[in-house]
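Asker: what's the 3D shape of this:
(2 chains)
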Amino acid sequence: MLRVASVEKTYGTLQVLKKVELEAGQGEFLVLLGPSGCGKSTLLNIIAGLDTASSGDIIIDDNVVTDLDPKDRDIAMVFQSYALYPSMTVAENLSFGMKVRGVPQGEREKAVVDVAKILKLETLLARKPSQLSGGQRQRVAMGRALVRQPKIFLFDEPLSNLDAQLRVEMRTELKKLHARLGATIIYVTHDQVEAMTLATKVVVMHAGVIQQVGEPQEIYDRPINTFVARFIGSPSMNLLPAKLDVKDGRTIVRIESGGSSVELVTSRSASDGVANAGRSVLCGIRPESILLRPGGRKPAANEIEVDIDIVEPTGSDNLSFFRIGAHELLARLPPGSSSVGGRLMLFFPPEKLLAYDVDSKQLLF
Amino acid sequence: MSVAATLESRSLRIGAHTRRRKWIGRAVVYLVLGSFAILYLLPLVVMIFTSLKTMDEIRSGTILSLPLEPTLEPWQVAWSSACVGVECLGIRGFYVNTIVMAVPAVIISTLIGALNGYALTQFDFPRQRLVFGLILLGAFTPYQAILIPLTKSLGSFNLAGNLAGLALVHTIYGIPFTTAFARSFYLSLPPDLVKAAKIDGAGFFRIFYSIVLPISPPILVVSIIYQFTGIWNDFLFGSALTYGEGAPIMVALNNIVNTSTGEKPYNVHMAAAIFAALPTLLLYVFAGKYFIRGLTIGSVKG
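Answerer: Numbering: from 1, shown residues only, chains lettered A, B, ... in the order given. Here you go, the predicted structure:
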């Protein structure tokens, strides 16, 4: 459907995209996710044809469109600022693209009515954009894309100008819309919740390089490097320096803790040679993977008794900070289960422990 | 007297005091503003008074005395029978000349300026700033210095000495200004607007007249007022590039004054001057608020 083939973009000496390879199939909801300045919007503009790649190709449906104008690529785009035409009514905004392309009036009107029905814009058709609320403008912007039935929809942070509640509503609407239309969507956002909830495939970008491509759950469970590990998930993953070792045929991580050390068994057998003893790693575990166990006894395997330093109750959870040696960690515990100064027994499930190479920052296991 | 009552009367006294100070301050402000208004309006008053007087009254009275027997005859003379050079047909014809010359020059220079500003802000092309810099250079041209080559060039196009040539010159020398106005206005347009139109399939000119031009009235008004006033009031180009019957109003006004022999009919001169100033005056009265609004757009985030 869409293929981005080793696209690079440089502005003078500044390289904003490096050898970007990407593929999206029919009906895919592909989310380009990354912090601001990672090149995701530039990539979207290049796909749209609003910006030109320094090298590489954009291929839509086996046609190389790299040198085509945006209008000849059969795409539609929704902008962060909505970019509605201020002097036109909602109906005129929706039909402008068709008018430019010489679609007959009858057909235009029918298409506008159809889309207005889908997006609940029927009563707003005669209004000017300045007479609409933020959410309504957003829907008109989506309508303008929908009405043309393009091969690919491009969304550039379409929800980030909405207030929090509306954003969640529109997110759901968008998901429904995708399910209903089966459209191919390329969606740029810096909001990982949007990425997780909407995407069939997430592409995490950082500094012009694609870090990881995968299904949302896969990316969440096994971030391929420490950047993705820190970026995905809120609160973000605990990463603490440790050393690998082997014990009873299993790989273990050893964390320095004030003179002595804490050992955590992993689910990995010691046989594959990754865990040559003493290798320095960053050990990762998500805050919600750390489990509360009944205390007042001797710690079993992978259990550590800790003192809680700070508690941030969110209502649904108690975000509880504690230390292992000099390293601060965060556990997402059930509400009411932790208090400042309390001593708790925490369990670190072996299958949830990840290890990253200290130098390459890549996932070892 | 209770403590509370004392406090109350004291605060009342303070209230009266601050009120009085406020009143004095305001009076001073109005006095200053009023004096300046009178100072600026005085010449206009003199002109109107004089234009309504007979020559006898002008001779006998002072410059500021009210017209005792107001007459519109000087106005009629100025309009249709005052002598401009050898012809004695009033300024009527020159009025028409100026409108015929100024209107196309204003419209064309404003539209080209808008198009330039749009191209300079919404489309990327190499050496964009340099191009704008060169256009802007035209705004700093000393007209006296280029007058002779200008006349020569117009002559070789057969445009010297007529209104078409004058209109062309005004159009060209207006473009740097109208471009600068439009550019500063279009810099504040969200760039996504043009991107969206490109995706919708519209080309350069389609985007200009369907999307950009309909939201440009604030800056178009600025451009039109600026250009119209400049062109209407121009004397230098008018006197150098036209002659006789083909002159614009300001040149004609000058000629009326110079033609009179013997006693100068001040009343006719004043009436003619008011006639000449009227269009720009009316434009400011009716479109002035858009002018001010347009000038501040872009400087303040809007």
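Asker: would you quantify the distance from B:Lys195 to A:Asn302?
Answerer: The gap separating B:Lys195 from A:Asn302 is 54 Å, by Cβ to Cβ, to the nearest Å. Yep, even glycine has a C-beta here, placed from its N, CA and C like the rest.
Asker: more neighbours: which of the two?
Answerer: More crowded of B:Lys195 and A:Asn302, by other Cβ atoms under 10 Å in any protein chain shown: B:Lys195, with 23 against 20.
Asker: is it true that the more buried one touches A:Ala83?
Answerer: Yes - in this structure B:Lys195 lies within contact range of A:Ala83 using Cβ atoms under 8 Å: 6.8 Å.
Asker: so the nearest residue to A:Glu23 once chain neighbours are set aside: helix, strand or coil?
Answerer: The spatially closest residue to A:Glu23, leaving aside those adjacent along the chain, is A:Arg3, at 5.2 Å (Cβ to Cβ, 6 or more residues apart in numbering or on different chains). Three-state assignment for A:Arg3 (DSSP: H, G, I helix; E, B strand; the rest coil): strand.
Asker: what bridges to A:Arg3?
Answerer: A:Glu23, A:Ile59 (DSSP bridges).
Asker: so who does it touch?
Answerer: Applying Cβ atoms under 8 Å, 6 or more residues apart in numbering or on different chains to A:Arg3 gives the contacts A:Leu22, A:Glu23, A:Ala24, A:Asp57, A:Ile58, A:Ile59, A:Ile60.
Asker: wait, the last one touches A:Leu2, no?
Answerer: Same thing as A:Ile60. Yes - the pair A:Ile60 and A:Leu2 qualifies as a contact (Cβ under 8 Å) at a distance of 5.6 Å.
Asker: what do these two both touch?
Answerer: Where contact means Cβ under 8 Å, 6+ apart, the residues bridging A:Ile60 and A:Leu2 through contact with each are A:Ile152.
Asker: rewinding a little: okay if I get the contacts of A:Arg3 as CSV plus pLDDT and neighbour count?
Answerer: Listed next are those as CSV, based on pLDDT from 0 to 100; neighbours: other Cβ atoms under 10 Å in any protein chain shown:
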residue, pLDDT, neighbour count
A:Leu22, 94, 21
A:Glu23, 94, 15
A:Ala24, 94, 21
A:Asp57, 94, 14
A:Ile58, 95, 24
A:Ile59, 95, 15
A:Ile60, 94, 20
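Asker: list just the nearest of these to B:Leu168.
Answerer: Ranked by distance to B:Leu168 (Cβ to Cβ), the contacts of A:Arg3 are led by A:Ile58 at 46.6 Å.
Asker: ok, the closest one touching A:Asp67?
Answerer: No - when contacts are counted by Cβ under 8 Å, A:Ile58 is not listed as touching A:Asp67 (9.4 Å).
Asker: and the next helix or strand past the lengthiest helix in chain B?
Answerer: Counting by DSSP state H, the longest helix found in chain B is helix B:3-51. Of the helices and strands lying after helix B:3-51 in sequence (DSSP states H and E), the nearest is helix B:55-60.
Asker: for the stretch 151-300 of chain A, what spans make up the strands?
Answerer: Using DSSP state E, counting those that start in this stretch, the strands of the stretch 151-300 of chain A run over residues A:152-156, A:184-189, A:201-206, A:209-214, A:238-247, A:250-257, A:260-269, A:280-285, A:291-293.
Asker: ok, which of those strands comes nearest chain B?
Answerer: Comparison of these against chain B by Cβ to the nearest Cβ identifies strand A:152-156 as nearest, at 8.2 Å.
Asker: alpha carbons only: can I get that closest one in CSV?
Answerer: C-alpha atoms of strand A:152-156 as CSV (Å, rounded to 0.1, in the frame of the first residue of the first chain):
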residue,chain,number,x,y,z
ILE,A,152,-4.2,7.0,2.3
PHE,A,153,-5.2,9.3,5.2
LEU,A,154,-2.4,11.4,6.8
PHE,A,155,-3.0,12.8,10.3
ASP,A,156,-0.6,15.3,11.7
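Asker: what's it packed up against?
Answerer: For strand A:152-156, the packing partners by 3 or more Cβ pairs under 8 Å, 6 or more residues apart in numbering or on different chains; DSSP states H and E come out as helix A:40-48, strand A:75-78, strand A:184-189.
Asker: follow-up on the earlier one: widest-spaced pair of the contacts of A:Arg3?
Answerer: Farthest pair in those, by Cβ to Cβ: A:Ala24 and A:Asp57, 14.7 Å.
Asker: near chain B, which residues of the stretch 101-250 of chain A are found?
Answerer: A:Arg101, A:Arg144 (Cβ under 8 Å from any Cβ of the partner chain).
Asker: okay, now the unreliable bits of the chain?
Answerer: In the absence of a named chain, this looks at chain A. The model of chain A has pLDDT under 70 over residues A:271-275.
Asker: wait, chain B
Answerer: B:1-14, B:260, B:294-302.
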